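Peer 1: sequence and computational prediction follow.
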Amino acid sequence: VVIATLGRLAPEKSVEVVLEAAEVAFERAAAARLLVIGGGPSEPALRRRAAGMGGRVHLTGALPRPEALARLRGADVFAFASRTETQGLVLAEALAAGLPAVAVEGPGVADSVRDGVDGRIVPAEPLAGRAERLGVALAGLVEYAAHRARMAERASEEAGRFSLESRVAELEAIYREAMTG
């Protein structure tokens, strides 16, 4: 069962938390593997860390966007730990690809992931247990295929909520409310 994460590999994206969470998931779910899609300044350190994880982690390095998204669509679960996002675009991309998302709460996360419906949102605080909470939630989706499949189905069925038309309509409604309020 492939857990994927996608994005720029930089400290502010907290990919090291995803690797720590993967270690927790690996202990609980023998079938779990991690695919890290992307490149960036943290890539060398992440590769060194992944080298000690028994071949269960693969880093793709930087890829053209279409290829990165194709790799994402081949996964089973999406992991997200960044606390610096403003829109959570990568979460919308993962959900639109039919992947249930397991994310650390933060800006933009609840705008995309519906906890218990198409993914799980884990508390960011306390900091000391963040990776453990993320890993346990990931392992739960790896171990329970039927639950993972239901969440994936909901993500796929309702991917239209991320369409340009839907987002523009939401923005228009906000402006209308602000003008009349």
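Peer 2: Looks like it arrived, so ask away. Residues are numbered from 1 along each chain as shown.
Peer 1: ranges for the strands of this protein?
Peer 2: Per DSSP state E, the chain carries strands over the ranges 2-6, 33-37, 57-59, 77-80, 101-104, 119-122.
Peer 1: for the third one, buried residues please.
Peer 2: Within strand 57-59, the residues that qualify as buried are V57, L59, counting by 16 or more other CB atoms under 10 Å. For the C-beta atoms, the positions are set from N, CA and C on the backbone; glycine is no exception.
Peer 1: for the first one, same thing?
Peer 2: If you call a residue buried by 16+ other CB under 10 Å, then strand 2-6 has these buried ones: V2, I3, A4, T5, L6.
Peer 1: now do that strand against strand 33-37, angle only.
Peer 2: Angle, strand 2-6 to strand 33-37, by axes from the mean of the first three to the mean of the last three CA atoms, to 10 degrees: 20 degrees.
Peer 1: partner strands of strand 2-6, parallel or antiparallel?
Peer 2: Its sheet considered, strand 2-6 pairs with strand 33-37 (parallel), strand 77-80 (parallel) by DSSP bridges.
Peer 1: tabulate those (JSON lines), appending mean pLDDT and distance to L89.
Peer 2: Formatted as JSON lines, these follow (pLDDT from 0 to 100; distance: least, CB to CB, whole Å):
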{"stretch": "strand 33-37", "mean pLDDT": "98", "distance to L89": "14"}
{"stretch": "strand 77-80", "mean pLDDT": "98", "distance to L89": "11"}
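Peer 1: okay, these, which one's buried deepest?
Peer 2: Stretch with highest mean neighbour count among those: strand 77-80 (a mean of 29; mean count of other CB atoms under 10 Å).
Peer 1: only alpha carbons, please: show that one as PDB.
Peer 2: Only the C-alpha atoms of strand 77-80 are listed here, as PDB (Å, rounded to 0.1, in the frame of the first residue of the first chain):
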ATOM      1  CA  VAL A  77      -3.000   7.300   0.500                       C
ATOM      2  CA  PHE A  78      -1.700  10.800   0.700                       C
ATOM      3  CA  ALA A  79       0.300  12.200   3.600                       C
ATOM      4  CA  PHE A  80       0.600  15.900   4.400                       C
END
